[in-house]
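Colleague: structure for this input, please:
(chains A and B)
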Amino acid sequence: MALFLGSAEPVEVPRPGAAHVTREAIPRGEPLRSPLTDPPIVHVNGYDRDCMDCHMLFRSPAPKDRGLIQHQNVVFQHGINARCLECHDQADRNRLTLGHGETIGFTESERLCAKCHGTAFRDWQAGAHGKAVGSWVIGSPERHLMTCVACHDPHHPAFAGLTPLPGPNTLRMGDQSHHAPEHESAILWRGAHPEGTDRAAEPADAHAPADAHDPAHGAADDNASTPGEQR
Amino acid sequence: MSEEQISRRSFLRKGAVATAGAAALAAALSPLKDLDTSDLSGFFQKHYREMSPAEMEEALARIRRRVEERWGVRPDLRDVKPKDGVEFVYALNLSRCIGCRRCVHACVAENNQGRDPEIQYIRVLEMPRGSIDVERGDHHYDRPTVPDTDHFYLPVQCHQCTNPPCVKVCPVGATWQEADGITVVDYDWCIGCRYCEAACPYWARRFNWTAPELPREQLNPDMAYLSNRPRPQGVMEKCTFCLHRTREGKLPACLEACPTGSRKFGNILDPDSEVSRILRTKRVFVLKEEANTMPRFFYYFDERYPQHADAGADWVDDNSDLHEILARVLREDAEEMTA
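Modeller: Reported below is the predicted structural model:
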């Protein structure tokens, strides 16, 4: 049995330089983007408008291969699907088209995605593609599948890369920045404590690049992972 | 009777030895002066599995008091029991994991680990494409953006093995596997010998080398006795599949944080759950299968969607149908030939 030897002195926050990511930095269970409502409402010049407010006034010419002129905020890169009217209904811009005259609202957009991405849709319905949040209990009211557009931008569905959060604290290995300075992460993290602690292996400035790969430092730059590095 | 004359040298030598012995004893016992003797009820606490509900309530009250004293936050601390008819399984889609480590830090935010050094239950290995050999993984990768196209990413945490080596080697029985499959640690029973850490083939176990430092604003007050209550120095800890959440129907923190949806969790005893479907239809594998630990954590590559059209109402053909289909085809062929 071990006693809970709680310390009586106040707890300090981690020292600067220690790996430290706040809870707010990691959104949990939230969609990556906010899909449009049905009908979609946009705020233009101080007024809330839906799509037909403009498209009723300005009738589109016959569809041609041309770039977007008005919708400047849209980056359109959807593979071979390069035509706006594949998805957007020409007559009623507040609706999406399934083809053959059938239209659906913006909140049912996964039916449209399923027209081409049927296998992904099938996987999504079973939970193997995409993300279900709230509960693991099938049939629970808390559980819901995130829709396609909660993650994918329908105009640019491919994802950009993310910056990785800090990895294991390489406390005893000191400052790691000499290993790959060109891979410096946008989150500046050095892993080692500043000088003056009894746990820092060596002060950061003791590592000259020439010394970095001598045997005393181990093979930390290779792809070998040795369990016990956290000791 | 002759008096024994003790020589001065002998007297002084014995005196010096006795003094040195006493000094050594005092030095050895000196940590006891820091002992908190205001509440010794923890000494008499039984093993978790032997505690009556009243004793458990006492223990919870004691821990709540300690947390309030130290952090000034009143926790929602409870003892969450496993649900019947539930066995948890975790599946991870390696075609979707991009190695962003949001799972690692969501776990740290949820489970009240010590922050100095920051204990992380999940370790993401950056593996070269074409190899499943974890010795070739690198967990120190630090790129400007992930994923890197020459690598895939393999997050590793406690697999809650069905045949756990850590449970076998514990000399005091401080760790055991519960009915829903989660391997747990009684932090007040653990002696900190670290045999379990040595026995685990996946390096899932973590040890508290120092008294855990945890800033007050990072404390998660939603706690359970067996999972994320603050641990003392000198005990082992590990991923518990967030049992304070999952035993109440919620999802683990790592799954909720994953931006690509590569983590799947559920009840394997429910045939309609995500994980049941994945285990039936995807090519799942486990790490270090030869160690015979039989993990509950399955990895799979979602190579491309299946090329066979689904024949029935269910999602995809199970392999179980193949035998029937084959038998029927052979029977029909035989009938044709004899007709």
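Colleague: alpha carbons only for contacts and neighbour counts from here, please
Modeller: Fine.
Colleague: what ranges do the strands span in the chain?
Modeller: Chain wasn't specified; assuming chain A. Taking DSSP state E as the criterion, chain A carries its strands at A:41-44, A:47-50, A:96-99, A:102-104, A:132-133, A:144-145.
Colleague: wait, chain B
Modeller: Assigned by DSSP E, chain B shows strands spanning B:76-78, B:88-93, B:123-128, B:151-156, B:175-177, B:183-185, B:206-207, B:222-224, B:236-237, B:263-267, B:284-285, B:297-300.
Colleague: near chain A, anything from the fifth one?
Modeller: No. If you take C-alpha under 8 Å from any C-alpha of the partner chain as the test, strand B:175-177 misses chain A, and the best it gets is 12.9 Å.
Colleague: of the strands of chain A, which is nearest B:T175?
Modeller: Closest approach to B:T175 among the strands of chain A is made by strand A:132-133 (30.3 Å; C-alpha to C-alpha).
Colleague: direction included, what does that closest one pair up with?
Modeller: Here strand A:132-133 has these sheet partners by DSSP bridges: strand A:144-145 (antiparallel).
Colleague: now the partner strand: average pLDDT?
Modeller: Computed over strand A:144-145, the mean pLDDT rounds to 90.
Colleague: dump the strands of chain B into CSV; add mean neighbour count and mean pLDDT as well.
Modeller: Rendered in CSV, the data for the strands of chain B read as follows (neighbours: other C-alpha atoms under 10 Å in any protein chain shown; pLDDT from 0 to 100):
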stretch, mean neighbour count, mean pLDDT
strand B:76-78, 17, 95
strand B:88-93, 24, 96
strand B:123-128, 23, 93
strand B:151-156, 22, 94
strand B:175-177, 19, 97
strand B:183-185, 22, 97
strand B:206-207, 20, 94
strand B:222-224, 21, 95
strand B:236-237, 26, 96
strand B:263-267, 25, 96
strand B:284-285, 16, 93
strand B:297-300, 22, 96
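Colleague: turn these into a markdown table, including distance to A:H55.
Modeller: Below are these laid out as a markdown table (distance: least, C-alpha to C-alpha, whole Å):
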| stretch | distance to A:H55 |
| --- | --- |
| strand B:76-78 | 55 |
| strand B:88-93 | 43 |
| strand B:123-128 | 49 |
| strand B:151-156 | 46 |
| strand B:175-177 | 63 |
| strand B:183-185 | 61 |
| strand B:206-207 | 61 |
| strand B:222-224 | 51 |
| strand B:236-237 | 61 |
| strand B:263-267 | 42 |
| strand B:284-285 | 50 |
| strand B:297-300 | 47 |
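Colleague: pick the most buried one from the strands of chain A.
Modeller: Across the strands of chain A, the average number of neighbours (mean count of other C-alpha atoms under 10 Å in any protein chain shown) peaks for strand A:132-133, which reaches a mean of 22.
Colleague: which residues does that strand contact?
Modeller: A:G29, A:E142, A:R143, A:H144, A:L145, A:M146, B:L251, B:E256, B:G261 (C-alpha atoms under 8 Å, 6 or more residues apart in numbering or on different chains).
Colleague: picking that back up, of the strands of chain B, which is nearest B:V17?
Modeller: The stretch from these with the least distance to B:V17 (C-alpha to C-alpha) is strand B:206-207; that distance is 38.6 Å.
Colleague: would you mind measuring from B:L219 to B:A109?
Modeller: B:L219 sits 8 Å away from B:A109 when distances are taken as C-alpha to C-alpha, to the nearest Å.
Colleague: also B:V134?
Modeller: From B:V134 across to B:A109, the span is 27 Å (C-alpha to C-alpha).
Colleague: quick one, grab the pLDDT at the closest residue to B:H105 other than its chain neighbours.
Modeller: Spatial nearest neighbour of B:H105, excluding adjacent residues (C-alpha to C-alpha, 6 or more residues apart in numbering or on different chains): A:V21 at 6.7 Å. Reported pLDDT at A:V21 in the predicted model: 74.
Colleague: how close does A:V21 get to B:A106?
Modeller: According to C-alpha to C-alpha, A:V21 stands 9 Å off from B:A106.
Colleague: with only the CA atoms kept, save stretch A:93-103 in CSV.
Modeller: This file holds the C-alpha atoms of stretch A:93-103, laid out as CSV (Å, rounded to 0.1, in the frame of the first residue of the first chain):
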residue,chain,number,x,y,z
ARG,A,93,-29.6,27.6,-56.4
ASN,A,94,-30.9,26.9,-52.9
ARG,A,95,-31.0,23.2,-53.7
LEU,A,96,-28.5,20.6,-54.7
THR,A,97,-29.2,18.3,-57.7
LEU,A,98,-29.2,14.6,-57.8
GLY,A,99,-29.7,14.6,-61.5
HIS,A,100,-32.9,13.9,-63.5
GLY,A,101,-34.7,16.8,-61.9
GLU,A,102,-34.5,15.6,-58.4
THR,A,103,-33.2,18.1,-55.9
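Colleague: I'd like the mean pLDDT over it, please.
Modeller: In this model, stretch A:93-103 has an average pLDDT of 90.
Colleague: also stretch B:60-72?
Modeller: 93.
Colleague: for it, which positions count as buried?
Modeller: The neighbour-count criterion (16 or more other C-alpha atoms under 10 Å in any protein chain shown) identifies B:L60, B:R62, B:I63, B:R64, B:R66, B:V67, B:R70, B:W71 as the buried residues of stretch B:60-72.
Colleague: please list which of the residues you listed are also close to chain A.
Modeller: When C-alpha under 8 Å from any C-alpha is applied, the members of these adjacent to chain A are B:R66, B:R70, B:W71.
Colleague: need the buried ones from the contacts of strand A:132-133 selected in ChimeraX.
Modeller: In ChimeraX, a selection of the buried entries from those looks like this (16+ other C-alpha under 10 Å):
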select /A:29,143,144,145,146 /B:251,256,261
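Colleague: and the furthest pair within the contacts of strand A:132-133?
Modeller: A:E142 and B:G261 (17.4 Å).
Colleague: what is the neighbour count of residue 166?
Modeller: I went with chain A, as the question did not name one. Counted by other C-alpha atoms under 10 Å in any protein chain shown, the residues lying close to A:P166 total 24.
Colleague: look at chain B instead
Modeller: Around B:C166 sit 24 other residues, with neighbours defined as other C-alpha under 10 Å.
Colleague: that one and B:Y195 touch, don't they?
Modeller: Yes. Applying C-alpha atoms under 8 Å as the test, B:C166 and B:Y195 come out as touching, 7.4 Å apart.
Colleague: neighbours of B:A291, just the number please.
Modeller: Other residues near B:A291 number 12, with proximity taken as other C-alpha under 10 Å.
Colleague: how about the helices in chain A?
Modeller: Per DSSP state H, chain A has helices spanning A:51-55, A:109-116, A:118-126, A:148-151. These are given in chain order.
Colleague: tell me the most buried of these?
Modeller: Comparing the helices of chain A by mean neighbour count (mean count of other C-alpha under 10 Å), helix A:148-151 comes out on top with a mean of 21.
Colleague: what pLDDT, on average, does that one get?
Modeller: 92.
Colleague: kindly report the same for stretch B:8-21.
Modeller: What stretch B:8-21 shows for mean pLDDT is 94.
Colleague: give me the residues contacting it.
Modeller: Under the contact criterion C-alpha under 8 Å, 6+ apart, stretch B:8-21 has no outside partners.
Colleague: so how far is it from its chain's centroid?
Modeller: Taking the mean of its C-alpha atoms, stretch B:8-21 sits 54 Å from the chain's own mean (C-alpha atoms, centre = their mean, to the nearest Å).
Colleague: got the CA positions of it in PDB?
Modeller: Presented in PDB, the C-alpha positions along stretch B:8-21 are these (Å, rounded to 0.1, in the frame of the first residue of the first chain):
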ATOM      1  CA  ARG B   8      40.200   2.300  25.800                       C
ATOM      2  CA  ARG B   9      40.700   1.500  22.100                       C
ATOM      3  CA  SER B  10      38.100  -1.200  22.200                       C
ATOM      4  CA  PHE B  11      35.700   1.100  24.000                       C
ATOM      5  CA  LEU B  12      36.200   4.000  21.600                       C
ATOM      6  CA  ARG B  13      35.900   1.700  18.600                       C
ATOM      7  CA  LYS B  14      32.700   0.200  19.800                       C
ATOM      8  CA  GLY B  15      31.400   3.700  20.700                       C
ATOM      9  CA  ALA B  16      32.200   5.000  17.200                       C
ATOM     10  CA  VAL B  17      30.500   2.100  15.500                       C
ATOM     11  CA  ALA B  18      27.500   2.500  17.700                       C
ATOM     12  CA  THR B  19      27.300   6.200  17.000                       C
ATOM     13  CA  ALA B  20      27.700   5.700  13.300                       C
ATOM     14  CA  GLY B  21      25.000   3.000  13.400                       C
END
